[in-house]
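J.: Provided below are the primary sequence and the corresponding predicted coordinates.
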2 protein chains.
Amino acid sequence: MDISHLSEKIHHTLSTLRYGENPPELYEPIRYIMALGGKRIRPLLVLLAAKMYDEDVEHTLLPAAAVEVFHNFTLMHDDIMDKAPLRRGQQTVHEKWNANTAILSGDVMLVRAYELLLGVEQNKLAKVLRLFSATAAEVCEGQQLDMNFELREKVSIHEYIQMITLKTAVLLGFSLKLGAILQGAPDTDAEHLKLFGDNIGIAFQLRDDLLDVYGDQNKFGKQVGGDILSDKKTFLMLTALEQANQEQLNTIISWRNRTEESITEEKVRSITSVYDQLSIRHQTEQHIDLYFHKALQHLDAIDLPEEKKSTIRGLALQLMERDS
Amino acid sequence: MDISHLSEKIHHTLSTLRYGENPPELYEPIRYIMALGGKRIRPLLVLLAAKMYDEDVEHTLLPAAAVEVFHNFTLMHDDIMDKAPLRRGQQTVHEKWNANTAILSGDVMLVRAYELLLGVEQNKLAKVLRLFSATAAEVCEGQQLDMNFELREKVSIHEYIQMITLKTAVLLGFSLKLGAILQGAPDTDAEHLKLFGDNIGIAFQLRDDLLDVYGDQNKFGKQVGGDILSDKKTFLMLTALEQANQEQLNTIISWRNRTEESITEEKVRSITSVYDQLSIRHQTEQHIDLYFHKALQHLDAIDLPEEKKSTIRGLALQLMERDS
């Protein structure tokens, strides 16, 4: 299976979507955020899962687009809540227009996402929409937990994993399950694909946390230490807080809420040094492995010949930037 | 048909809805806004239309509840955008919690509204969801137009009617059409019911505009002249602006943006005096009549014996507070 060919189909489908025209203030922000691009990984997962069961995936293109529109709806609303100035290097919608516009355009995007699912075969429609709705609510729960954690002193690793599962991972799992359901795959297969996606999602988020500190700045494309500078409660920070001795704890706490330009390098260096002392890098890599291998176990459990799974397996490895 | 009996059923159905539990910050605001009450007119319209075609309306209760949940979602988000401090005499969600909570809880409400529609018979589900989605987008368009108009100097009567049609009326029309579709009513009947509802909705909004100035304060329950004090572009104000001579125009303009406590009475009195000079009250009543009679024509056109229509006809008269 040719991933770039499927990506091209997704790109084309997204480019043909019409969200509405009047009033332009409502619909222009939708076109804007959808044009910012991104890897379109969620619709790709829909198509790849669908292709495992039937080569003809044309009828899964609009449902796949629905997931991407939904994902961008969550970005538009999350950016308001997080007061984010930039998204993919461009102004966020609430910055370029205003918060009211971002609220209302986002609302219409959620409606349009549902509409894109309405072409699903009649006998599968309720099932698909139930799953989609349950997933959508979970993503909102994840965002609420993320905001709650910002205000809390203590967050356990377990709670953090639960939060990223809801906020990020379940939509990847849903995408794969959707592709399988649309092709009439057995329920057990669809569920294994979902759990494969959930676990890949968790691994991928932990990898994101890791790369923020230990990534190659040129390859990563973000400022190294951004999470440290903004005092984000990442997997690395929460693990460090659990394991730090008094002196290390004092170091971490002494840097909190310090955002002066002049101390950024020293703040990143000091916190990273605590991470190094506690082998946080190694521990995070172990957790990434754990979830990655859980994911692969679910892929292995699917009752299909290996050649049907190889493209998804390859994509997972590629997403994790691994050779095996 | 007994309206109070149906209202009791709606009340009971709404009281049994479960939106979710965790995190409580996400779900508590939903329970809060749904408990603020209101006339529950939209679900009542669903049930009344349904009863015209089949006495058994049990299966229309959850779809009816969906419309009420959707309506309250729009209130929660509109209140953020309008910076409204109060809703039904109680703190709005963004005031009691904060704007982020109101955004995210509202998002989940929209998802829950869709979920409440998923029990609709399989062969009607896509049709119902298409209509619901189109209506939901129209309501958002109406809210965007309303916000646009606040910033514009000139708004025509035609544009104003279009705005209130989208923001308020189409959801009443949809409610009636939904009830008819759920009972397998003919398409022409369903469409007449929709247009009956749309026109009643417009008449009702114009009546609201009228009562703000010429209502009996005790009966109306709001401060008389509230729209005048906040410089709202109501049907009355827009008609006055179209017809005012230079002196009257100067009077209107001289009061704009004046919000001091000490001038409130004089501001309301002066603007009302311009309205009186231009017979705005009479003109507004004529427009209300126009839309009310358009509505009744659509009710008349429905191919059912009069006794099937009498409850809805009675409710419309009652909503307009008329004897005939």
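T.: Thanks, I have it.
J.: Run through the strands of chain A in chain order.
T.: A:86-87, A:90-91 (DSSP state E).
J.: if you average pLDDT over each of the ones you listed, which comes out lowest?
T.: Looking over these, mean pLDDT reaches its minimum on strand A:86-87, with a mean of 92.
J.: Show me what from the stretch 151-300 of chain A comes close to chain B.
T.: Within the stretch 151-300 of chain A, no position is adjacent to chain B by Cβ under 8 Å from any Cβ of the partner chain. The C-beta positions use only the backbone N, C-alpha and C, and glycine is treated the same way.
J.: so where's the stretch 151-300 of chain A shaky on pLDDT?
T.: Applying pLDDT under 70 to the stretch 151-300 of chain A flags residues A:217-223.
J.: who touches the residue lying closest to residue A:54 once chain neighbours are set aside in this structure?
T.: Closest residue to residue A:54 apart from its sequence neighbours, by Cβ to Cβ, 6 or more residues apart in numbering or on different chains: residue A:183 at 4.5 Å. Neighbouring residues of residue A:183 by Cβ atoms under 8 Å, 6 or more residues apart in numbering or on different chains: A:49, A:50, A:52, A:53, A:54, A:57, A:60.
J.: which of the residues you listed has the most neighbours?
T.: residue A:49 (30 neighbours; other Cβ atoms under 10 Å in any protein chain shown).
J.: if we can go back for a sec, make a markdown table out of the contacts of residue A:183 and add distance to residue A:270.
T.: As requested, those are exported to a markdown table (distance: Cβ to Cβ, whole Å):
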| residue | distance to residue A:270 |
| --- | --- |
| A:49 | 45 |
| A:50 | 49 |
| A:52 | 48 |
| A:53 | 52 |
| A:54 | 55 |
| A:57 | 51 |
| A:60 | 50 |
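J.: Which one of those residues is nearest to chain B?
T.: residue A:60 (16.7 Å; Cβ to the nearest Cβ).
J.: okay but that closest one is in contact with residue A:50, surely?
T.: Yes: counting by Cβ atoms under 8 Å, residue A:60 touches residue A:50, with 4.4 Å between them.
J.: Spit out the residues that contact those two alike.
T.: Shared contacts of residue A:60 and residue A:50, counting by Cβ under 8 Å, 6+ apart, come down to A:179, A:182, A:183.
J.: Inside helices: which ones of those?
T.: The helices, defined by DSSP state H, take in A:179, A:182 from the shared contacts of residue A:60 and residue A:50.
J.: If we only consider the shared contacts of residue A:60 and residue A:50, which is nearest to residue B:2?
T.: residue A:182 (45.6 Å; Cβ to Cβ).
J.: Who are the contact partners of that closest one?
T.: Contacts of residue A:182 by Cβ under 8 Å, 6+ apart are A:46, A:50, A:59, A:60, A:63, A:120, A:121, A:124, A:128.
J.: Look up how far residue A:55 lies from the closest residue to the second one other than its chain neighbours.
T.: Just to be clear, that refers to residue A:50. Computed as Cβ to Cβ, 6+ apart, the closest residue to residue A:50 that is not its neighbour in sequence is residue A:179, at 3.8 Å. Going from residue A:179 to residue A:55 by Cβ to Cβ, to the nearest Å gives 13 Å.
J.: The two: which has the busier surroundings?
T.: residue A:179 (31 against 9).
J.: Wait, that one touches residue A:45, no?
T.: Yes: contact criterion Cβ under 8 Å: residue A:179 and residue A:45 qualify, at 6.8 Å.
J.: Give me the pLDDT for residue A:323.
T.: Reported pLDDT for residue A:323: 46.
J.: got the CA positions of stretch A:207-219 in CSV?
T.: Presented in CSV, the C-alpha positions along stretch A:207-219 are these (Å, rounded to 0.1, in the frame of the first residue of the first chain):
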residue,chain,number,x,y,z
ARG,A,207,8.0,10.9,22.9
ASP,A,208,6.9,14.5,22.3
ASP,A,209,7.6,15.2,26.0
LEU,A,210,11.0,13.6,25.7
LEU,A,211,12.0,15.4,22.5
ASP,A,212,11.2,18.7,24.0
VAL,A,213,14.2,18.2,26.3
TYR,A,214,16.4,15.7,24.5
GLY,A,215,15.5,16.2,20.9
ASP,A,216,17.6,17.5,18.1
GLN,A,217,16.5,21.1,17.7
ASN,A,218,16.9,21.1,14.0
LYS,A,219,14.8,17.9,13.5
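J.: Buried residues, it. List them.
T.: Residues A:207, A:208, A:209, A:210, A:211, A:212, A:213, A:214, A:215 are the ones in stretch A:207-219 that count as buried (16 or more other Cβ atoms under 10 Å in any protein chain shown).
J.: Next step: those residues restricted to helices.
T.: A:207, A:208, A:209, A:210, A:211, A:212, A:213, A:214.
J.: Do any residues in stretch A:72-91 lie close to chain B?
T.: Yes: for stretch A:72-91, a contact with chain B is found by Cβ under 8 Å from any Cβ, at A:77, A:80, A:81.
J.: Name the member of those with the most neighbours.
T.: residue A:77 (26 neighbours).
J.: tell me the contacts of residue A:62?
T.: Residue A:62 touches A:13, A:116, A:117, A:119, counting by Cβ under 8 Å, 6+ apart.
J.: ok, which of those also contact chain B?
T.: Filtering the contacts of residue A:62 for proximity to chain B by Cβ under 8 Å from any Cβ leaves nothing.
J.: List just the nearest of the residues you listed to residue B:35.
T.: residue A:117 (31.3 Å).
J.: give the contact list for that closest one.
T.: Residue A:117 touches A:62, A:63, A:66, A:125, A:128, A:129, A:132, counting by Cβ under 8 Å, 6+ apart.
J.: Go ahead and build a PyMOL selection from the buried members of these.
T.: To isolate the buried subset of the contacts of residue A:117 in PyMOL, counting by 16+ other Cβ under 10 Å, use the following:
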select buried, chain A and resi 62+63+66+125+128+129+132
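J.: Distance to residue B:295 and pLDDT added to the contacts of residue A:117, as a markdown table?
T.: A markdown table is the format used below for these (distance: Cβ to Cβ, whole Å; pLDDT from 0 to 100):
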| residue | distance to residue B:295 | pLDDT |
| --- | --- | --- |
| A:62 | 37 | 98 |
| A:63 | 39 | 98 |
| A:66 | 36 | 98 |
| A:125 | 33 | 98 |
| A:128 | 37 | 98 |
| A:129 | 33 | 98 |
| A:132 | 36 | 98 |
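J.: which one among the contacts of residue A:117 gets closest to residue B:274?
T.: Taking those together and measuring to residue B:274 by Cβ to Cβ, the closest member is residue A:66, at 51.6 Å.
J.: now the closest one: how far from residue B:242?
T.: Applying Cβ to Cβ to residue A:66 and residue B:242 gives a distance of 44 Å.
J.: swap in residue A:231?
T.: 57 Å.
J.: who has more neighbours, these two?
T.: Higher neighbour count among residue A:231 and residue B:242: residue A:231, with 17 against 12, using other Cβ under 10 Å.
J.: So the more buried one sits against residue A:254, correct?
T.: No: contact criterion Cβ under 8 Å: residue A:231 and residue A:254 do not qualify, at 12.0 Å.
J.: before we move on, back to that, which of the residues of stretch A:72-91 next to chain B fall within helices?
T.: A:77, A:80, A:81.
J.: Out of those residues, flag the one nearest to residue A:201.
T.: Closest to residue A:201, out of all of those and judged by Cβ to Cβ, is residue A:77, at 19.5 Å.
J.: For the closest one, list the residues it contacts.
T.: Applying Cβ under 8 Å, 6+ apart, the residues contacting residue A:77 are A:102, A:103, A:106, A:143, B:103, B:104, B:107.
J.: And the helices in the stretch 201-324 of chain A, which stretches?
T.: Listed in chain order, the helices of the stretch 201-324 of chain A (DSSP state H, counting those that start in this stretch) span A:217-220, A:226-229, A:235-243, A:246-255, A:264-277, A:280-300, A:306-319.
J.: Could you do the stretch 1-150 of chain A as well?
T.: Under DSSP H, counting those that start in this stretch, the stretch 1-150 of chain A gives helices at A:3-16, A:24-35, A:41-53, A:61-81, A:93-96, A:99-116, A:122-151.
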